[in-house]
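In: Just the structure for this:
(one chain, ligands or ions: 2)
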Amino acid sequence: MEQRHVILDCDPGIDDSLAIMLALSSPELLVEGITVVCGNCPAEMGAGNARKVLRHLGRLDVPVFQGEERPLRREYVSALDTHGADGLGESFLPPADGPVQELGAVEFMARTIRARSEDGSGCSVIALGPMTNLARLIQRDPEAFSMIREIVSMGGNFRSHGNCSPVAEYNYWADPDAAALVYETAAALGKKIVMVGLDVTRQIVLTPDLLAYMKRLQPETGQFVQAITKFYYDFHWEWEHLIGCVINDPLAVAYFLDRSLCSGFEAYTAVETRGISIGQTVVDSMGFWKKPANALVLTHTDVLGFFRLFLSRILGRREEELDLLEQLISDRKKDENR
Ligand code: RIB
Ligand code: CA
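Out: Ligands and ions are numbered 1, 2, ... in the order given. Model (predicted):
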C-alpha cells in the first residue's frame, strides 16, 4: 500500500490527542511530523502533550516541532478552560523524555513539503488547531505552501452555531487573520480547503457507554482515553448539558482516511476578521459573489462509520469484532430524540 505523507498541525489538546492516536494507528499514513501551534494551550505545553501521547503509543520516533506562540494579530486566547490546566484533561501525565525538535514548525513544514514535492510523494496537512503556522508558511515560503497536496482543516461552521461566539468556531476565532489568509490564498491558487466544521464534528460524541466499551476491548488504551477525557466530560455536562464529549479533531483524520465518511458541497468561503462575528466562516453556498470555490464544506457524516474506523484503529481490533457498536450508537440516537 502506498502511504500518504502527512503533517499533523495541532494544538493538543484532548481531541487533538485522539486524532494523533488515530493517525498513528493507520498504516495508510506516513506521519512526517507533528507541528504544534498555540491554541487550546500554549505551543510549548502542546508540544509536551504531543510527546506524552507519542510515548503512550510507543512512537517517540515521530518528531514534534513547536510553532507559533501567538496569533497573527489578535491576543492569544487559550481553551484551557475546556482542556484543563495541563491541556490534557488534567491527567497530569509525567513529561515524556527527550527534547522537542530545535527546528521550528514552519521551517519543518517548508522543508518537508518541498522535499516530498521533489520526490513525487507529495505531503498533505491535517490542520487541527488555529491556522497560524500555515499562515506563517504562506508569508515566509508561499511556494512551499502552494506545494501542499491537500489541507484538511478541523474548523469553521456552516449552519451549526459557534462554540466561541454565536457564529464562530474556536480554531478560526482564535486566529481569524490566519484562517482568512489561508482561505484567500487557497482561492488564489485554485485550491480547496476541506472544512471539517462543527456541522459534522458535533455529531461525534464519545459517550460513557462507548468509553466503557473501549476499556473492555482494550483496557490500556481505554484507560488512557478516560484519563485525558474526564475533564472534557465534566465541561460538556456543565456547558452543554451533554453526557459525553464532542471529539472534533479525529473526524478530520478519519475523513482524510475514508472520504465516504462525510459529504458536503464546494463553495467560496471567507473568514471574518473583525467585529462581533469575528472568526465566522462566511460560506457563499448560493454563489452570490460568483467566486470559484476555495472550500469543500462538509455537512453530513456517518457517525457509526466514524466510530467503526476510530475504535478499530486505536484499539487494534477488526471492525467485525466491534459487535456492540451499532447498538451503542443507536441507543444514543434514541436518547437524543427523547
Ligand atoms: O472548535 C474545536 C476545535 O478547537 C478543536 O480542534 C479543538 O481541539 C480546538 O482546537
Ligand atoms: Ca484542536
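
In: where do the strands sit along the stretch 1-150 of the chain?
Out: All strands of the stretch 1-150 of the chain, identified by DSSP state E, counting those that start in this stretch, fall at 4-10, 29-36, 64-66, 124-127.

In: Including mean pLDDT and mean neighbour count, could the ones you listed go into TSV?
Out: In this view, the C-beta of every residue, glycine as well, is placed from N, C-alpha and C. As requested, those are exported to TSV (pLDDT from 0 to 100; neighbours: other C-beta atoms under 10 Å):
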stretch	mean pLDDT	mean neighbour count
strand 4-10	98	25
strand 29-36	98	24
strand 64-66	97	26
strand 124-127	99	25
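
In: Would you mind putting those into a markdown table with distance to ligand 2 alongside?
Out: A markdown table is the format used below for these (distance: least, C-beta to the ion, whole Å):
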| stretch | distance to ligand 2 |
| --- | --- |
| strand 4-10 | 6 |
| strand 29-36 | 10 |
| strand 64-66 | 15 |
| strand 124-127 | 9 |
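
In: Is it possible to get a markdown table of these that adds distance to ligand 1?
Out: A markdown table is the format used below for those (distance: least, C-beta to the nearest ligand atom, whole Å):
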| stretch | distance to ligand 1 |
| --- | --- |
| strand 4-10 | 8 |
| strand 29-36 | 11 |
| strand 64-66 | 16 |
| strand 124-127 | 9 |
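
In: Tabulate those strands (TSV), appending distance to E320.
Out: TSV is the format used below for those (distance: least, C-beta to C-beta, whole Å):
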stretch	distance to E320
strand 4-10	25
strand 29-36	23
strand 64-66	35
strand 124-127	27
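
In: For the residue of the stretch 151-300 of the chain at minimum distance from ligand 2, what are phi and psi?
Out: Closest to ligand 2 within the stretch 151-300 of the chain is D249: 4.9 Å, counting by C-beta to the ion. Torsion angles at D249 (phi, psi; degrees, to the nearest 10) stand at phi -60, psi -40.

In: That one and L18 touch, don't they?
Out: Yes - applying C-beta atoms under 8 Å as the test, D249 and L18 come out as touching, 6.6 Å apart.

In: okay, the two: which has more neighbours?
Out: D249 (32 against 27; other C-beta atoms under 10 Å).

In: And that one, how far from T299?
Out: For D249, the distance to T299 equals 18 Å [C-beta to C-beta, to the nearest Å].

In: what do you get for R73?
Out: As judged by C-beta to C-beta, R73 and T299 stand 30 Å apart.

In: Settle it for me: which of those two has more neighbours?
Out: Using other C-beta under 10 Å as the criterion, R73 and T299 rank with T299 on top: 17 against 10.

In: What is the helix or strand that contains F310 packed up against?
Out: For F310, the host element (DSSP states H and E) is helix 303-315. Packed against helix 303-315 by the contact rule (3 or more C-beta pairs under 8 Å, 6 or more residues apart in numbering; DSSP states H and E) you find helix 14-24, helix 208-217, helix 219-240, helix 249-257, helix 325-337.
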